[in-house]
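> Predicted structure and sequence below. I'll ask about it afterward.
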Amino acid sequence: MRKTVFVGLFSLFLGVVDAQEKGDFRLHFGGEFGTWPQLFFGLNAGAEYVFLDKLSIVPNYTHFFPEFGHARNLNLDTRYYFTEGALKWYGMAGFSNAWSLLNRPGSGLIRANTQGPILGFGGLLGFDNRLALNPQLKYWSQREGRFIFTFGMVYFLN
């Protein structure tokens, strides 16, 4: 039984092998989970354009849902793909700009606008010719540092 499942999954992955080629375009959508000042959640959407083989630019927007108030984040990331095939690993570097307006009981209204560099890594796990899972972990150095985990879906347009 295990051998049959393994052979089936391996065959599926072989069917979706492709490279990161100049001109590729994809759409991203998923959830983001962060660690500062407490665990928080947001929805992320963006696009990716491969402008050189294995090198892409990824503008994306996240709307967070803190307990009190609201927050949003605009990122401009660059990815370098280390591998090709059904599982594509990449490293990333970018810049983030975050806006928040929090109204915590006892603290009053707190408005913040912070910017800073981002470093991280992730992968695309293709399971169809047009769809892939996208786990990603990044570190944002502003505000005592944040680790942000993103888990989403990617739709390949071409």
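That came through, no problem. Numbers count the residues shown, from 1 in each chain.
> Show me what the helix or strand where Tyr90 lies packs onto, helices and strands only.
When elements are assigned from DSSP states H and E, Tyr90 belongs to strand 87-104. Packing partners of strand 87-104 (3 or more CB pairs under 8 Å, 6 or more residues apart in numbering; DSSP states H and E): strand 55-64, strand 70-81, strand 108-126, strand 131-140. Using the backbone N, CA and C atoms, a C-beta is placed for each residue, glycine as well.
> In the first one, which residues are buried?
Spelled out, it's strand 55-64. 56, 58, 60, 62, 64 (16 or more other CB atoms under 10 Å).
> quick revisit: same list, the helices and strands packed on strand 87-104, but as a markdown table with distance to Glu48 please.
Below are the helices and strands packed on strand 87-104 laid out as a markdown table (distance: least, CB to CB, whole Å):
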| stretch | distance to Glu48 |
| --- | --- |
| strand 55-64 | 5 |
| strand 70-81 | 7 |
| strand 108-126 | 9 |
| strand 131-140 | 10 |
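> Check those for me: which has the lowest mean pLDDT.
Lowest mean pLDDT within these: strand 108-126, at a mean of 90.
> which outside residues touch stretch 87-99?
13, 20, 58, 71-83, 112-126, 136, 138, 140, 142 (CB atoms under 8 Å, 6 or more residues apart in numbering).
> thinking again about what came up before, average pLDDT for the strand holding Tyr90?
Rounded mean pLDDT across strand 87-104 is 90.
> mind listing what's buried in it?
88, 90, 92, 94, 96, 98, 100, 102.
> quick check: angle from it to strand 108-126?
170 degrees (axes from the mean of the first three to the mean of the last three CA atoms, to 10 degrees).
> Starting from strand 87-104, tell me which strands it pairs with and how they run.
If you go by DSSP bridges, strand 87-104 pairs up with strand 70-81 (antiparallel), strand 108-126 (antiparallel).
> Can you redo the ones you listed as TSV, where the extra columns are mean neighbour count and distance to Val50?
As requested, the strands paired with strand 87-104 are exported to TSV (neighbours: other CB atoms under 10 Å; distance: least, CB to CB, whole Å):
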stretch	mean neighbour count	distance to Val50
strand 70-81	18	8
strand 108-126	15	12
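> Alright, I will stop here.
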